[in-house]
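# Fold the following, please.
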Amino acid sequence: MQYLIDASVYVFRAYYSMPDDMVDESGNPINALYGFCRFIGDFMENVTPEYVAVLFDESLSKSFRTEIYPQYKANREPAPPELKRQFGQCRRFVRALGVMECASPAYEADDLIGTLVTHGRDQGRASTIVSRDKDLTQLLTKEDVFWDFAGKGKLHYDEIPASFGVWPEQIADFLALAGDAVDNIKGVPGVGKKTAAELLNHFGSLENIYDNIDKVHEVNVRGAKTLGTKLETHRDDAMLARRLTGIACDAPIENAETAMQPTAPRLGEINALFDEVGIGSALRRQAERVSDIYRH
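Residues are numbered from 1 along each chain as shown. You can find the predicted model right below:
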């Protein structure tokens with residue numbers, strides 16, 4: 001099993017849940033850094049993975065998706081400077097901990113995770129995706145796990161429909177139909193989550209829905225008589241959305257097989273970072289315990 005951690009989710013979680021009066025000597029906030037370091041330390045100590053990677057988003061405003069659709073994620077406010085600084089420090093900590101970290105100017109963390117899921121499959125390894133982002137469930141097969149670590153827990157392939165209404169392989173189609181306000185993806189106007197799920201449960205896929213557009217009126221949903229016209233009118237919108245909601249699994253990642261195998265933490269580098277920001281003994285002791293695990 002390999003573990004692929006969606007870092008941004010947990011950096012943001014720490015930033016908004018830890019006290020904002022946690023600062024270094026210069027008054028710079030360290031709340032996101034502290035919470036994220038504790039999360040990664042807990043994970044490495046308790047899970048002791050043989051293969052692991054921590055994937056970051058390098059930019060919210062630039063990726064191959066913004067080239068397709070410039071309004072993609074345009075509704076999001078840029079991260080404040082004090083959080084950007086902590087993202088860099090979080091990446092520095094992960095590297096010093098002996099764990100693979102990766103980001104790309106062209107691909108999002110989701111795509112890096114998808115690429116490593118595919119790489120693991122090629123090597124005969126299943127993946128546990130550590131995240132709270134439902135978009136990533138589209139990568140699951142029956143051998144894989146979606147794990148909201150320190151949150152709602154683990155979901156397996158067969159449990160996804162109960163939580164999200166459709167099967168993992170239908171998630172991208174579902175988001176293309178219903179839209180995804182978080183990422184500023186419109187989808188098909190007038191098609192909400194319930195209708196999107198019913199369409200996919202009936203026809204199986206977005207492609208099959210459009211191949212059978214004359215039968216859409218048979219689906220047992222409100223407004224079924226006019227649904228086919230809506231879908232036909234907004235076919236281009238749906239197909240554009242589908243290009244945005246699907247996760248790319250071909251991002252360039254060098255030496256993935258070797259890099260995903262953690263090494264012993266470089267405690268000197270960790271202590272130097274913690275000295276700079278004024279982090280005390282508890283996280284240092286945790287890093288030492290992780291070091292004891294991976295030194296052998």
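# buried sites along the helix or strand hosting Glu207?
With elements taken from DSSP states H and E, the one containing Glu207 is helix 206-211. Of the residues in helix 206-211, those scored as buried under the neighbour-count criterion (16 or more other Cβ atoms under 10 Å) are Leu206, Ile209, Tyr210. No exception for glycine: its C-beta is placed from N, CA and C like everyone else's.
# Off-centre distance for that helix?
27 Å (Cα atoms, centre = their mean, to the nearest Å).
# Would you mind pulling up the elements that that helix packs against?
Judged by 3 or more Cβ pairs under 8 Å, 6 or more residues apart in numbering; DSSP states H and E, helix 206-211 is in contact with helix 171-178, helix 193-203, helix 235-245.
# Return the alpha-carbon coordinates of the last one using PDB.
What that stands for is helix 235-245. Listed in PDB are the C-alpha atoms of helix 235-245, where the atom choice follows Å, rounded to 0.1, in the frame of the first residue of the first chain:
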ATOM      1  CA  ARG A 235     -23.700  20.100 -24.300                       C
ATOM      2  CA  ASP A 236     -20.600  22.200 -24.900                       C
ATOM      3  CA  ASP A 237     -20.700  23.400 -21.300                       C
ATOM      4  CA  ALA A 238     -20.900  19.900 -20.000                       C
ATOM      5  CA  MET A 239     -18.000  18.700 -22.200                       C
ATOM      6  CA  LEU A 240     -15.900  21.600 -21.200                       C
ATOM      7  CA  ALA A 241     -16.700  21.000 -17.500                       C
ATOM      8  CA  ARG A 242     -15.700  17.300 -18.000                       C
ATOM      9  CA  ARG A 243     -12.300  18.300 -19.200                       C
ATOM     10  CA  LEU A 244     -11.900  20.300 -16.000                       C
ATOM     11  CA  THR A 245     -13.300  17.700 -13.500                       C
END
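# between it and helix 171-178, how big is the angle?
The directions of helix 235-245 and helix 171-178 differ by 140 degrees, with axes from the mean of the first three to the mean of the last three Cα atoms, to 10 degrees as the criterion.
# What is the subsequent helix or strand relative to helix 235-245?
Once helix 235-245 ends, the next helix or strand along the chain (criterion: DSSP H and E) is helix 256-259.
# Quick one: list the elements packing against that following helix.
Using 3+ Cβ pairs under 8 Å, 6+ apart as the contact definition, the elements that helix 256-259 packs against are helix 109-122.
# list the buried ones in the helix it packs on?
Within helix 109-122, the residues that qualify as buried are 109-121, counting by 16+ other Cβ under 10 Å.
# How about residues contacting the helix or strand that comes right after it?
Using DSSP H and E, the next helix or strand after helix 109-122 towards the C-terminus is strand 127-130. Strand 127-130 is touched from outside by 1-6, 43, 113, 116-117, 120-121, 136-137, 139-140, 144-149, 154, with contacts defined as Cβ atoms under 8 Å, 6 or more residues apart in numbering.
# tell me what the helix or strand that comes right after strand 127-130 is packed against?
Counting by DSSP H and E, the next helix or strand C-terminal to strand 127-130 is strand 145-148. For strand 145-148, the helices and strands in contact under the criterion 3+ Cβ pairs under 8 Å, 6+ apart are strand 127-130, strand 153-156.
# lowest-confidence stretch among the ones you listed?
Mean pLDDT across these is lowest at strand 153-156; the value there is a mean of 94.
# That strand: which residues count as buried?
The neighbour-count check on strand 153-156 (16+ other Cβ under 10 Å) flags Leu155 as buried.
# Note down every partner strand of it and its orientation.
strand 145-148 (antiparallel) (DSSP bridges).
# Next, the buried residues of the strand it pairs with.
Residues of strand 145-148 classed as buried under the neighbour-count rule (16+ other Cβ under 10 Å) are Val145, Phe146, Trp147.
# wait, which of those residues is closest to Leu231?
Phe146 (29.3 Å; Cβ to Cβ).
# Surely that closest one is in contact with Ile160?
Yes - with contacts defined as Cβ atoms under 8 Å, Phe146 counts as touching Ile160 at a distance of 7.4 Å.
# so what's in contact with the two at the same time?
Contact criterion Cβ under 8 Å, 6+ apart; residues bridging Phe146 and Ile160 by contacting each: Thr137, Leu140.
# Tell me the spacing between Asp133 and Gln86.
Distance from Asp133 to Gln86, counting by Cβ to Cβ, to the nearest Å: 20 Å.
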